[in-house]
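Chemist: Using only what follows, build the 3D model:
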Amino acid sequence: MVFDFDSYRAVTLSNTSDLATFAARNPLLPVQPARIHSESELSDAQKASQALRRQATKTKREQLVSDLEDALAQHDVNLDTIAKVHSVTRGHLDSLISTSSHFKKGNTVNLENAKLCAKAKEVNEGLDVGYKHKLPAICCLLKEDSTYADENLAEERRKELIADVEADQAEKKQGARVMNKSAAQDYRDTVNLISQETHKLECRTGATALAFFSRSHVNDTYKPNWACTNNVTTFSRDMLGHGMWDITRLLEMWVCSKKQGRNADAPPTMRTDCSSILQGTLRTITKEKTAVMAYKKYEIDIMQKHKVKLVGWTFGTKIVSPYNIHSVGDLRTLTEALCSGSCRWVNMSPLEAMKHAADYERRKADGEVVEKKRKQHSDANTVKGPRKKPGINNTANEEGEAVAGPSKKRKTTTTRTASGEKQATKAAPAKVTKSTKKSASKTTGAKGKHAATTASAQVPPRGPISDEFIVDSKADSA
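Modeler: You can find the predicted model right below:
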């Protein structure tokens, strides 16, 4: 006996003792209901009719098998003939037929489906839901319409019918949802599909994947989400310092706040986007954070300096700044090309760089390229940087400019070594140490007193300062 979780009732198996079935070995799992077939007995006429139908089917199948064997035999003869003519083995031809995708038809729109779609649009136009023609009726109408016959359709008309079906398919794949409910359902299904596929990819190859999803407007009803493989669950916490849900919340805030005040189709916005994409991708491919996009000197500052070039440019033949493009259509085309990657930077090979440099010099010599030379600076031939201080012997050159003379020699002292030889040594320069204001003021005061004493000693006194040098005139006369 097992328990049926769907109907909450017990179900008795016919052979509970037999453990060969999966349901018997796992009695706690829900059991799928058995499919009941009709057991009504057939009449003799119905049995005879079924017997005749089986016999006709058997005869038809035997005839089909016989014709197929004859065709395969003829096919083998043709393959042997082709192998002999082209001097290849039969195994090589079999590998080309069975494994190569060049000899298999792709899943593309054929002409019959295109005619059927065109006829359905024609007969169902203007009809309400429930009153439109079904597929069998449309097929009958298509057979009766001679305008869709193969002999009456020109090559241009056939291509037009196929292009219309491809446009309808692209609209169904990329068309916008008209209701928030349908958009939310599409969002949930796609996120679940991506999560399942990334998990399968990790199991098969060990690849790592991380994806964040968020709404793009405050009026959208679906919630943000994220999907990742098992080997990257701690990446955001270790490298970005935030959890998965925190990054998802920040993404939602950033997108919703940016979308409110931003018009993606406005010319200023498209110019800014194009300029930022060109600048960012240039720094990425050159691996230089200071690389700057140059439009006027593109061939010199970009192609010859960084050895990269821009392919897929959509506005003319000359690379110009997006701010010099004033057509909305041209700006939109360039923005779409940069976002899709059709307009991108590529590295130049050494041979391409050499050919471009030689071609540029040739065009420059022929006058096809005119470089705008900058005015020469007034101090172009002078040495930049700090000038040398003149020595004790100030000299001047021929133009009258001061030239540094010979530097002052240091004093040397003579010392005697242990062996008695004299040795000259240079005096060490005096060390300069920092002092506080208080110590500096003390030093200044001491120096002032010493300087005053020295000056008073050098200047002779105006008169005698003691009686030692006074001579008695009386004693002298005596």
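Chemist: Could you use CA atoms for every contact and neighbour count after this?
Modeler: Fine.
Chemist: show me the contacts for the residue lying closest to Val109 once chain neighbours are set aside.
Modeler: Spatial nearest neighbour of Val109, chain neighbours left out: Ile162 (6.5 Å); criterion: C-alpha to C-alpha, 6 or more residues apart in numbering. Shown in contact with Ile162 (C-alpha atoms under 8 Å, 6 or more residues apart in numbering): Val109, Asn110, Leu111, Ala114.
Chemist: which of those residues count as buried?
Modeler: Ala114 (16 or more other C-alpha atoms under 10 Å).
Chemist: From the contacts of Ile162, pick the one nearest Cys228.
Modeler: Proximity of the contacts of Ile162 to Cys228 (C-alpha to C-alpha) peaks at Val109, which lies at 35.7 Å.
Chemist: Pull up the gap between the closest one and Gln169, please.
Modeler: Val109 is 10 Å from Gln169, where distance means C-alpha to C-alpha, to the nearest Å.
Chemist: any idea of the mean pLDDT in stretch 55-70?
Modeler: This predicted structure assigns stretch 55-70 an average pLDDT of 92.
Chemist: Likewise for stretch 203-215?
Modeler: On average, stretch 203-215 scores 89.
Chemist: And for stretch 326-339?
Modeler: In this model, stretch 326-339 carries a mean pLDDT of 89.
Chemist: Okay, buried residues for it please.
Modeler: Judged by neighbour count using 16+ other C-alpha under 10 Å, the buried positions of stretch 326-339 are Leu331, Arg332, Leu334, Thr335, Glu336, Ala337, Leu338.
Chemist: In helices, which of those fall?
Modeler: Cross-referencing the buried residues of stretch 326-339 against helices under DSSP state H gives Leu331, Arg332, Leu334, Thr335, Glu336, Ala337, Leu338.
Chemist: Include distance to Ala291 when you put those residues into JSON lines, please.
Modeler: Listed next are those as JSON lines, based on distance: C-alpha to C-alpha, whole Å:
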{"residue": "Leu331", "distance to Ala291": "24"}
{"residue": "Arg332", "distance to Ala291": "26"}
{"residue": "Leu334", "distance to Ala291": "22"}
{"residue": "Thr335", "distance to Ala291": "21"}
{"residue": "Glu336", "distance to Ala291": "24"}
{"residue": "Ala337", "distance to Ala291": "22"}
{"residue": "Leu338", "distance to Ala291": "19"}
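Chemist: now, which of those residues sits nearest Ala353?
Modeler: Leu338 (23.8 Å).
Chemist: Against which helices or strands is the helix or strand in which His199 is found packed?
Modeler: Per DSSP states H and E: His199 is located in helix 180-205. Helix 180-205 sits against strand 225-228, with contacts defined as 3 or more C-alpha pairs under 8 Å, 6 or more residues apart in numbering; DSSP states H and E.
Chemist: Parallel or antiparallel, list what pairs with the strand it packs on.
Modeler: Strand pairing for strand 225-228, determined by DSSP bridges: strand 210-213 (antiparallel).
Chemist: Export the partner strand to CSV, keeping only CA atoms.
Modeler: Written as CSV, here are the backbone C-alpha positions of strand 210-213 (Å, rounded to 0.1, in the frame of the first residue of the first chain):
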residue,chain,number,x,y,z
LEU,A,210,26.7,35.0,-12.4
ALA,A,211,23.7,37.1,-13.5
PHE,A,212,21.5,39.8,-11.9
PHE,A,213,18.0,40.7,-13.1
